[in-house]
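K.L.:
let me see the structure of the following:
(2 chains)
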Amino acid sequence: MRNPAPVRNLSGTRRVARSLVVAGVSRPRRERFLSRYNNFWGWLFLTPVVLGLSLWVAFPLGLSLFTSFASWDLITAPVFVGFKNYIDMFVTDPLFWQSVVVTLYYTVAGVSLQVVLAFLAAILLNTRVRGVKVFRTVFYLPSLVPVIVSSALWMWLYNPQFGLFNVLLTSLGLPPQKWVFGIQTVVPSLILMSIWGIGNIIIVFLAGLQDIPKELTEAVAIDGGSAFHRFRHIILPFMTPTILYNVVIGIIGGFQTFTQPYIMTNGGPANASLFYVLHLYRQAFMFAKMGYASAMAWFVFIVTGVVSIIIFKTSSWWVFYQGETKK
Amino acid sequence: MKRLPVILASVLIALAIASPLAADNVKLTFVYWGSVNEDTAMKEAFKAFEAANPGITVEPMYIQGDISGTEYAAKLRAMAQTNTLPDLGYFRPDQFGEFAAAGYMMDLTDLVQKEGLTRDYLPQAWLKVKGRIFGAYTAAECQVMFYNKDVLKKAGVPVPPSDYRKAWTWDQFVKYCVQITTDANGKHPGDAGFDANRITTYGVSYQLWHAMLTPPLWSGGGGIVSPDGRKVLIDSPESIDVIQKIADLINKQKVMPYTNPSSTSQAGLPTPPVMLANGQLGFYITGQWELLDIAKMSFPMGIGALPIIKKPAQMYISGASVIFKSTKFPKEAWLLHKWLMTPDKTLNLYTSGLWMPTKASWYNDPADLKKWTDNAVHPAEFKTAVLDSMKIAEPIPEVRVKNYTQIINECVNPQLDKVWLGEISAAEALKKAGDLIRQQNLMQGTW
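P.N.:
You can find the predicted model right below:
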């Protein structure tokens, strides 16, 4: 404070603080004023986020909860119907359970395959071989392709008459398949397609693998352990947090699958790919049953929450965090 | 200097308030969907309308739709809810009744009657709810059978009759399809050693979505639901027979490639028009609007009368055009509505093969006919095979029957999928479809 800078050379809070000193305001009052002043600016800078969240997230969330207890077609006034929408879901809608089964089938089979294969691919891509960077790029590239484009591409591959897959099968003397056009084959076909795009999961695994301390794997090698020992006792335990992350994210994504069936199959054939969210979308935007669709949305929201909690609670049995000591 | 922004803001606000008052200009907002081609034609029509009606400007609201129209319908529903509907425009036909009954459309009955328009237009063109006119079909569209003359000639098949009343019977049609269908070794279905997995030329491809099934269903004496929306017809013996006949083309006679009607995208490459142009397909039964694309492909194309199962049948399908009741300018909106119902104003949409007009004289008056069919797009037989068949065309039930979209999407289509796949018989599937409709109590009459 020996040589206080002139007020005009300062900015923001310091300028205000200096002005208060110059004006001879006592220290406690100065501090009270400054804290209020800072709070004001703090809140002002927060408003875009707070406003955005409340207008575009909290308000619609609340409205959809309200709507889920109403019958509303958007063009006439909503009618309060209590729990009817929730009861209809389990009792009268013949396609609700179908959509649940399809979604669970895709999620359980898809996520386990994706995680296992991505893990294996990541291990291979973590080895020191020539051209590993090229391989990494090749595996990652498909996940950069927009879903619309990859869906169109796979429709060609899956074409029952002229598609590449059937050409390959017939040239090997195997019977051609209906792929996404067959009742039994549509979900496996969608899973196959999703595996093509696991680049993102591979990246996460790869990052996890590179975090494993080298001295541990080297110690196993020195003690005469095999590659299996290295995997079983070092790599796998160290990777459990990454596996947990990928499983949870995968399940949440699986529950919300929409784009591929919407573009490729429209739920068909015979509702064999009627995913939960596609069914919800039809109720809302095709049949204008906003109340019922909102109830379906809240149901899947709650289920996703419960499943995530269960996975996290049970994760302590199998997930190992670095620096943690086993009790 | 500090005052400058304040002054500027005040001027802007003043201008904003004053502008609608200053000019006695009527601004109409017209909402529509369609291809880029249609968008251009519409915008030209608006310009011509503005030139002919000084003081009225038209603001185009072009919503590039998805195939099923779900997004478009959802947007208009949201606009209805927030009181921001445009003045007039296109409307999804399957939701027309619901909106008209809820009071969102302007009643055009008196205007149409006062100006004596009923006899100028096709009788099907006016869209009514409870006897009152609340809109009109934007155009006239129907089902046609395209063929590749070279493919037929190569197979020794005669060209189909062009009079819609004297078309082939179903059995004749199937026989010719078998004759056209060829595998890689030049064998036909029924020949010893015919390989159904290596077919190079197919006899026919049918579009299988619900509208495309109505003409054959009606031709066979069946239907999906009764026009009064009270009775399920899809599980009647007549309907079952027709659906089984079409499914047999795929699974029994092997003359039709399997297509997935519930897919929103084409079932991969190549699409039926491409197959037709490539000589991989003899007949293609689809909407007449595909003429727009097919006419541009270079192959000897012809149009034949639809095969008759029991009696000739045709459907009338199109989008709807309405004036919304909330418009501030009903008089001017009616002028624009009528303008767009005059085919001269958007002639390109008719000459290109996309639409057929709703104006009656354009079907029989030689001068009017010449305006839109005398060109390279429309083959000579278009008049007798297609235009004349519009005399017997019935509007498809979607505009009037309640819950039609849900009946089709949740009850009928998934069952039909199994029939096209050859997993179950039409009888089994359609009985299930009928049960599903009744179980959910979806037959609620008409709007």
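K.L.:
buried ones in stretch A:84-93?
P.N.:
For stretch A:84-93, the neighbour count (16 or more other C-beta atoms under 10 Å in any protein chain shown) marks A:Lys84, A:Asn85, A:Tyr86, A:Asp88, A:Met89, A:Asp93 as buried. C-betas here are computed from N, CA, C, even on glycine.
K.L.:
does B:Ala155 touch B:Gly282 like I think?
P.N.:
Yes: contact criterion C-beta atoms under 8 Å: B:Ala155 and B:Gly282 qualify, at 7.0 Å.
K.L.:
who's more crowded, the two?
P.N.:
B:Gly282 (29 against 18; other C-beta atoms under 10 Å in any protein chain shown).
K.L.:
domain map for the chain?
P.N.:
Just so you know, I chose chain A. For chain A, automatic domain parsing gives the domain ranges A:7-67, A:86-315.
K.L.:
can you look at chain B instead?
P.N.:
Domain assignment for chain B by automatic domain parsing gives B:23-137+B:319-354, B:143-316+B:399-439.
K.L.:
go through chain A and flag its longest helix.
P.N.:
The longest helix of chain A (DSSP state H) is helix A:96-125.
K.L.:
would you mind identifying the next helix or strand past it?
P.N.:
helix A:132-140 (DSSP states H and E).
K.L.:
now the angle from that next one to helix A:96-125?
P.N.:
170 degrees (axes from the mean of the first three to the mean of the last three C-alpha atoms, to 10 degrees).
K.L.:
for helix A:132-140, C-alpha coordinates in PDB please.
P.N.:
Extracted in PDB, the C-alpha atoms of helix A:132-140 (Å, rounded to 0.1, in the frame of the first residue of the first chain):
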ATOM      1  CA  VAL A 132       0.100 -50.100 -34.400                       C
ATOM      2  CA  LYS A 133      -0.900 -46.400 -35.000                       C
ATOM      3  CA  VAL A 134      -2.500 -47.400 -38.300                       C
ATOM      4  CA  PHE A 135      -4.400 -50.200 -36.500                       C
ATOM      5  CA  ARG A 136      -5.600 -47.800 -33.800                       C
ATOM      6  CA  THR A 137      -6.800 -45.400 -36.400                       C
ATOM      7  CA  VAL A 138      -8.600 -48.100 -38.400                       C
ATOM      8  CA  PHE A 139     -10.400 -49.400 -35.200                       C
ATOM      9  CA  TYR A 140     -11.400 -45.900 -34.100                       C
END
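K.L.:
buried sites along that helix?
P.N.:
A:Arg136, A:Phe139, A:Tyr140.
K.L.:
need those in TSV with pLDDT and distance to B:Tyr137, can you?
P.N.:
What follows is these, written out as TSV (pLDDT from 0 to 100; distance: C-beta to C-beta, whole Å):
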residue	pLDDT	distance to B:Tyr137
A:Arg136	94	57
A:Phe139	93	53
A:Tyr140	94	51
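K.L.:
helices - which of the buried residues of stretch A:84-93 land there?
P.N.:
Those of those lying in helices (DSSP H): A:Lys84, A:Asn85, A:Tyr86, A:Asp88, A:Met89.
K.L.:
burial measure for the closest residue to the first one other than its chain neighbours, as a count.
P.N.:
To tie it back to what came earlier, the one meant is A:Lys84. In space, and not counting its chain neighbours, A:Lys84 is closest to A:Ser71: 7.4 Å by C-beta to C-beta, 6 or more residues apart in numbering or on different chains. Using other C-beta under 10 Å, the number of residues around A:Ser71 comes to 16.
K.L.:
A:Ser71 and B:Met42, how far apart?
P.N.:
The gap separating A:Ser71 from B:Met42 is 37 Å, by C-beta to C-beta, to the nearest Å.
K.L.:
ok, now A:Trp41?
P.N.:
With distances taken as C-beta to C-beta, A:Trp41 is found 51 Å from B:Met42.
K.L.:
and these two? which has more neighbours close in?
P.N.:
B:Met42 (23 against 11).
K.L.:
run the chain-centre distance for the helix or strand hosting the more buried one.
P.N.:
According to DSSP H and E, B:Met42 maps onto helix B:36-52. Remark: helix B:36-52 is offset 22 Å from the chain centroid, using C-alpha atoms, centre = their mean, to the nearest Å.
K.L.:
list the buried ones in that helix?
P.N.:
Neighbour counts using 16+ other C-beta under 10 Å place B:Glu38, B:Ala41, B:Met42, B:Ala45, B:Phe46, B:Phe49 of helix B:36-52 among the buried residues.
K.L.:
could I get the pLDDT score of the residue of the stretch 51-200 of chain A found nearest chain B?
P.N.:
Going by C-beta to the nearest C-beta, chain B is nearest to A:Asn159 of the stretch 51-200 of chain A, at 3.1 Å. What the model reports for A:Asn159 is a pLDDT of 85.
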